[in-house]
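**Student:** Have a look; sequence and predicted model below, questions after that.
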Amino acid sequence: MSDISTNGTGAPADTAPSLNALAQYIKDLSFENPNAPRSLTPQQQGPEISIQVNVGANQLAETDFEVDLTLEGKATIGNDVLFVFELVYGGVFRLRNIPQEHLHPTVMIECPRLLFPFARQIVADSVRNGGFPPLFIDPIDFAALYRQKLSEVQQPQPTAQA
């Protein structure tokens, strides 16, 4: 009888694909409440909130990647800014035994998906600590975001006519 540990799929554990979070951290956090205390008075209408999301990655070693999830947002009523925030939340991930063709999508989809709940909570707490009700960002479809960015990169750029 052989003594080989497996990952539950019958494949030896040392060859099974794995994704491990080694570290998570706030890389940059900014919250501005430029019109306080006036902005904290009850308003007749709800604010217009805009949020931008971006994902970046940097390979640190053969199997290790740093992934940055950037969330930027602004709440306004008319021309008045209630608050502005920016969060860059980073993580270091180790990816092993992932086929090369799946490596980039895994880094750009699965890693930010793991970071998002923590980043979402930091934004909610920051907005609440700024004197407003907590802002709970809706879940993000990182696969759709990845496909959108990929299609933008693959579109031919217009050429200048002489």
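**Tutor:** Good, I have the coordinates.

**Student:** buried residues in the lengthiest helix in the chain?
**Tutor:** Taking DSSP state H as the criterion, the chain has its longest helix at helix 111-129. Buried residues in helix 111-129, counting neighbours by 16 or more other CB atoms under 10 Å, are found at 111-116, 119-120, 122-123, 126-127. For glycine as for every other residue, the C-beta is placed from the backbone atoms N, C-alpha and C.

**Student:** pLDDT on that helix, on average?
**Tutor:** Helix 111-129 carries an average pLDDT of 97.

**Student:** In terms of helices and strands, where is the residue nearest the centre of the chain?
**Tutor:** Using CA atoms, centre = their mean, the residue of the chain that lies closest to the mean C-alpha position is residue 69, 3.1 Å off. Assigned by DSSP states H and E, residue 69 falls within strand 64-77.

**Student:** and the very next helix or strand once past that strand with helix 111-129, angle?
**Tutor:** Later in the chain than strand 64-77, the nearest helix or strand by DSSP H and E is strand 80-96. Angle of strand 80-96 versus helix 111-129, following axes from the mean of the first three to the mean of the last three CA atoms, to 10 degrees, is 150 degrees.

**Student:** now whatever helix or strand comes next after strand 80-96, how far from the centre of its chain.
**Tutor:** Downstream of strand 80-96, the first helix or strand assigned by DSSP H and E is helix 100-105. Offset of helix 100-105 from its chain centre (CA atoms, centre = their mean, to the nearest Å): 18 Å.
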